[in-house]
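1. got a predicted structure plus its sequence, pasted below:
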Amino acid sequence: MRRKVTKAIFPVAGLGTRFLPATKSIPKEIMTLVDRPLIQYAIDEARAAGIKEFIFVTSRGKGALEDYFDINPVLESALEKAGKTALLDILKTTNMESGAIAYIRQHKALGLGHAVWCARRLIANEPFAVILPDDVIEAETPVLKQMVEAYAETGGAMVAAMEVAREKTSSYGVLDIAEENGRLLKAKGMVEKPKPEDAPSNLAVIGRYILPPQVLRNMPNVRKGAGGEIQLTDAIAAEISHGRPVHGYRFEGRRFDCGSKAGFLQATVAFGLAREDLRDEFSAYLEQLAARRHVAE
């Protein structure tokens, strides 16, 4: 019987330099998209997929991230005394049970593969998920849940995949596809950040993974790749070379790259318009803004 995926790694050690000066004093993952920090979207998606243990790979200066998931008795008491039960219920969804969350330090910025490898002792011999909080995906069924359901049939390694413009392939890991079966894509190879003319396809790997523990054991044999970093893509590709299955999953949903300013703003608009309590006022403002721009042109 295939083991369930109950552990997830969240690599959050990056400095967030693209969002300076905001990230001088707060972790990028705490930056709010509408009224929730990016990391909360990732946690909610993981919970919906059945994840029970949450492993954060952090670095110096991430204390605010750890505090976010802690209980705040003073604030909870104030909300309760004020009768603000709705806000109290929202606040409690951010609390993590004792023992459910763990923090591992990545002391050197050696890449995503190395960050995931840092959590190897907490993964032991179990399959696990990896979620990159920068990739926020709007979907009716959370993407990791879609993947967990597909993984129950395939086993092996699975990565989220989406089509990108050919000229964008140099920013992603890219799949070389052997065969397609609906949303499932059987991979015969993976290449990290290829030049557009060298890319085997335009199917890019997006920040959701379900991986067997063997991928962690592949890591010490992985040489530094694109950007001089230890790439997770290369450790997953090693599974293919050993004859073990790797699938891409063409997920249903809309992905926003919240690691970029433009992507973060686009996500803010999309998620703002999706909120019933904000939609009418926000939509009216955007229409006024568009009208003014049209007149100015």
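-> Yep, that arrived. Numbering: from 1, shown residues only.
2. export the longest helix anywhere in the chain as CSV, just CAs?
-> Assignment by DSSP state H gives helix 279-296 as the longest helix of the chain. Provided in CSV are the C-alpha atoms of helix 279-296 (Å, rounded to 0.1, in the frame of the first residue of the first chain):
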residue,chain,number,x,y,z
ARG,A,279,-15.4,43.0,-5.0
ASP,A,280,-17.9,45.8,-5.7
GLU,A,281,-15.8,48.7,-4.3
PHE,A,282,-12.6,47.4,-5.7
SER,A,283,-14.0,46.7,-9.1
ALA,A,284,-15.6,50.1,-9.3
TYR,A,285,-12.2,51.7,-8.5
LEU,A,286,-10.4,49.7,-11.2
GLU,A,287,-13.1,50.6,-13.8
GLN,A,288,-12.6,54.3,-12.9
LEU,A,289,-8.8,53.9,-13.2
ALA,A,290,-9.1,52.3,-16.6
ALA,A,291,-11.5,55.0,-17.8
ARG,A,292,-9.1,57.8,-16.7
ARG,A,293,-6.2,56.1,-18.5
HIS,A,294,-8.3,55.7,-21.6
VAL,A,295,-9.1,59.4,-21.5
ALA,A,296,-5.5,60.4,-21.0
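3. and that helix, what does it pack onto?
-> Judged by 3 or more CB pairs under 8 Å, 6 or more residues apart in numbering; DSSP states H and E, the packing partners of helix 279-296 are helix 261-273. Just so you know, the C-beta spots here come from the backbone N, C-alpha and C atoms, and that holds for glycine as well.
4. the spatially closest residue to Leu286 that is not a sequence neighbour: neighbour count?
-> If the residues on either side of it in the chain are set aside, Leu286 comes closest to Val269, at 7.2 Å by CB to CB, 6 or more residues apart in numbering. Using other CB atoms under 10 Å, Val269 has 14 neighbouring residues.
5. and the longest helix of the chain, how far out from the chain's middle?
-> 32 Å (CA atoms, centre = their mean, to the nearest Å).
6. what residues of that helix count as buried?
-> Phe282 (16 or more other CB atoms under 10 Å).
7. what average pLDDT does it get?
-> Mean per-residue pLDDT for helix 279-296: 87.
8. quick one, that helix and helix 261-273 angle?
-> In terms of direction (axes from the mean of the first three to the mean of the last three CA atoms, to 10 degrees), helix 279-296 departs from helix 261-273 by 130 degrees.
9. I'd say Thr6 and Ile55 touch.
-> No. Using CB atoms under 8 Å as the test, Thr6 is too far from Ile55 to be in contact (11.3 Å).
10. who has more neighbours out of those two?
-> Set Thr6 next to Ile55 and count neighbours by other CB under 10 Å: Ile55 wins out with 22 against 15.
11. quick one: distance of the helix or strand containing the more buried one to the chain centre.
-> Using DSSP states H and E, the element containing Ile55 is strand 53-58. Its chain's C-alpha centre lies 12 Å from the corresponding centre of strand 53-58 when counted by CA atoms, centre = their mean.
12. average pLDDT across that strand?
-> On average, strand 53-58 scores 93.
13. same question for stretch 210-220.
-> 89.
14. which residues does it contact?
-> 5, 113-114, 116-117, 120, 123-130, 144, 147-148, 151, 155-158, 230, 232, 235-236, 238-239, 244 (CB atoms under 8 Å, 6 or more residues apart in numbering).
15. and the next helix or strand past the strand holding Ile55?
-> Taking DSSP H and E, what comes next after strand 53-58 is helix 63-68.
16. mind listing what's buried in that next one?
-> Those would be Leu65, Tyr68, for helix 63-68 by 16+ other CB under 10 Å.
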